[in-house]
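Chemist: show me how the following folds:
(3 chains)
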Amino acid sequence: MPTGSSSTRSPPCPGLVVSQMKQQGIDDLSNEKTDDGVKWKQLEHKGPYFAPLYEPLPDDVKFYYDGKPMKLNVATEEIATFYAKMLDHEYTTKEIFQNNFFYDWRKEMTSEERKKIKHLEKCDFKEMHKYFVDKNEARKALPKEEKQKLKEEADKIQEEYGYCILDGHREKIGNFKTEPPGLFRGRGDHPKMGMLKKRIMPEDVIINCSKDSQTPEPPSGHKWKEVRCDNTVTWLASWTENIQNSIKYIMLNPSSKLKGEKDWQKYEVARRLKGVVNKIRSQYRADWKSREMKKRQRSVALYFIDKLALRAGNEKEEGETADTVGCCSLRVEHIKLHPELDGQEHVVEFDFLGKDSIRYYNKVPVEKPVFKNLQLFMENKDPGDDLFDRLNTTVLNKHLQDLMDGLTAKVFRTYNASITLQEQLKALTDAEDNVAAKLLSYNRANRAVAILCNHQRATPKSFEKSMQNLQAKIDAKKEQLGEAQMELKRAKADLKAKKDVKSKAAVEKKKKLLEKIQEQLLKLNVQATDKEENKQIALGTSKLNYLDPRISVCSGAGAPMGKKTVSAQHPPAAPLISSSPAPLTALPPSPPADQLLLLPPSASRPP
DNA sequence: TAGGGGACTTGACGGTACCCAT
DNA sequence: ATGGGTACCGTCAAGTCCCCTA
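Modeler: A predicted model of the protein is given here:
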């Protein structure tokens, strides 16, 4: 079973590097680190690879305004192609998108163009659109050799710009290309959708590298905005994007040692939480009855974060982004209280848009004091008012910091995700199971985590069809099964009549065949179950960001690990399985790997 | 202590490489 | 060999959280 450990990491492998370093008497990187930041000594790279310049359209591809062809200035034309390319996308039907685009487009026009082009409805991009569709088709239809050539060119660029040297190690860069210009596509109801995302020029880019290293050359005729040497940060280059005025970075690939160690640290913090979580839970339960409103709100919010793995919920600037919330920013309109619902008492119904405007909908029975507190928090408030008006993420995290060093709201998500995987694996897996059954168990455990974290996906486009295909296979197999049963019956009758060796052998043969078919049918059914259950659930995110890989490795589940390198997630000096830190439930001293999962499942989920 | 900047992680999505059944 | 299905990976938006300033 693949572990994904070889695919993305740049050679040489981390373990090797460390042993070489030790031999050479070079200190391990971790020795040079301080608590509050990276401290590298050497960073060398080639700077970002810039998005290709705009190629003007051929003369026969025309833009029409009010039915008449109109030659656009190159800059104007470029922006028009951004819109033209998106014509069959739902975005372009939205009024906000259209308005934002048109407003920004007109700003970039020449004054003559601006005088003429006054209404988007009169703009005809269809010919341009067709040009790009055709071009795309042509690219797909290219002969093999041509495609190979293109790939080689891309590989060359990757080779040249895709790696950097960090303290003597060649590391893969995550995103070495600048983002190309285009129209901003926000998620959900984004007020800025359709705005023009400008082209990044070398003059916008800050380069970060070590003083003694070779400073990357800007493209000819250009210069960098700034070259600096800041070894407390991990980015190689940065620029400010024009939509949200936020900074974008070029950073290392997750397979790099730097990222891997950070990831490892994250899970170590989660493991420390394991040790104090019971105390924290008793504490917040006690605080439900506090005389201070602030404490009550804090403790109820923390209960939600712990029990439901909600995100912290920072405040956002109104009108700048889609209206989404997390725990601390929940509003009265986002919950409904049901003293009784479907035979359960004290049910809270959540309905809000979370990160990426993904809907969170959940009906949860809560403990009575929580319910009573929520009623209190909602008294005399309007639907649009904050549920926790005395609370924000800063206040909450400050409190958490007091409870445990390094504890923040998001650690609960990591902790509860990982512990859920571990418990589910333990509960669902039987060592005797075959591979298919084990894989289903792993997926189910992974699914439990994804559901907890509300990681959703759009139903894949081909879902219905591929489900039908699978069903057809199952039907065919069932038919086969029926036939096999009949044949066995006949063979048995034959044996009864003849009682000879040959017919006995025939019966055995038919029996074997029947068993084989039964097993195949079972496997298909398992597959169908897995597929159906996974229809709208995304497993990747939790696998990548929330599940301590040591849980999967130690349990022997051998499931795909995603793009992070397992070995890179450890301080490489520690071997992965034999003596390395154990997963969450096994706090030091670490038992041997085969016992890691045998700890009591109790008390790991909130009461 | 509000407010904003900065650095970093988390997240869904779409294209592509790859795999397996036909 | 082909084509359908899927895992993987890049992309870039959207979060979290920390720090600094007024």
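
Chemist: and the gap between the residue of the stretch 51-200 of chain A found nearest DNA strand B and residue A:407?
Modeler: Closest approach of the stretch 51-200 of chain A to DNA strand B (Cβ to the nearest atom of the strand) occurs at residue A:151, with a separation of 5.7 Å. For every residue, glycine as well, the C-beta is placed using N, CA and C. Here the distance between residue A:151 and residue A:407 works out to 47 Å (Cβ to Cβ, to the nearest Å).

Chemist: residue A:389 falls within a strand, correct?
Modeler: No. Looking at residue A:389 with DSSP: H, G, I helix; E, B strand; the rest coil, it is coil, so not inside a strand.

Chemist: how many other residues sit next to it?
Modeler: A count of nearby residues for residue A:389, using other Cβ atoms under 10 Å, gives 14.

Chemist: rewinding a little: what about residue A:151 and residue A:407, which has more around it?
Modeler: Between residue A:151 and residue A:407, counted using other Cβ under 10 Å, residue A:407 has the larger neighbour count: 22 against 10.

Chemist: looks like the more buried one contacts residue A:269 (just checking).
Modeler: Yes. Using Cβ atoms under 8 Å, residue A:407 and residue A:269 qualify as a contacting pair, with a distance of 7.2 Å.

Chemist: what helix or strand is the residue of the stretch 51-200 of chain A closest to DNA strand B located in?
Modeler: When secondary structure is defined by DSSP states H and E, residue A:151 falls within helix A:144-161.

Chemist: touching DNA strand C at all, that helix?
Modeler: No. Contact of helix A:144-161 with DNA strand C (Cβ under 7 Å from any atom of the strand) is absent, the minimum separation being 7.9 Å.

Chemist: strands along the stretch 51-200 of chain A, start to end?
Modeler: Residue ranges of the strands in the stretch 51-200 of chain A, as given by DSSP state E, counting those that start in this stretch, are A:63-65, A:68-70, A:123-124, A:163-166, A:169-172, A:182-183, A:196-197.

Chemist: wait, which of these is closest to residue A:496?
Modeler: Across the strands of the stretch 51-200 of chain A, the minimum distance to residue A:496, taken as Cβ to Cβ, is reached by strand A:169-172, at 69.5 Å.

Chemist: CA atoms of that closest one as CSV?
Modeler: What follows is strand A:169-172, C-alpha atoms only, in CSV (Å, rounded to 0.1, in the frame of the first residue of the first chain):
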residue,chain,number,x,y,z
HIS,A,169,19.3,21.0,1.7
ARG,A,170,17.5,21.2,-1.6
GLU,A,171,13.8,21.6,-0.8
LYS,A,172,10.8,21.6,-3.0
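
Chemist: what comes up buried for it?
Modeler: Neighbour-count burial for strand A:169-172 flags A:169, A:171, A:172 (criterion: 16 or more other Cβ atoms under 10 Å).

Chemist: which strand residues bridge the first one?
Modeler: Note on residue A:169: beta-bridge partners by DSSP bridges are residue A:166.

Chemist: just the pLDDT for it.
Modeler: What the model reports for residue A:169 is a pLDDT of 92.

Chemist: how about the stretch 1-150 of chain A: which residue is closest to DNA strand B?
Modeler: residue A:38 (5.7 Å).
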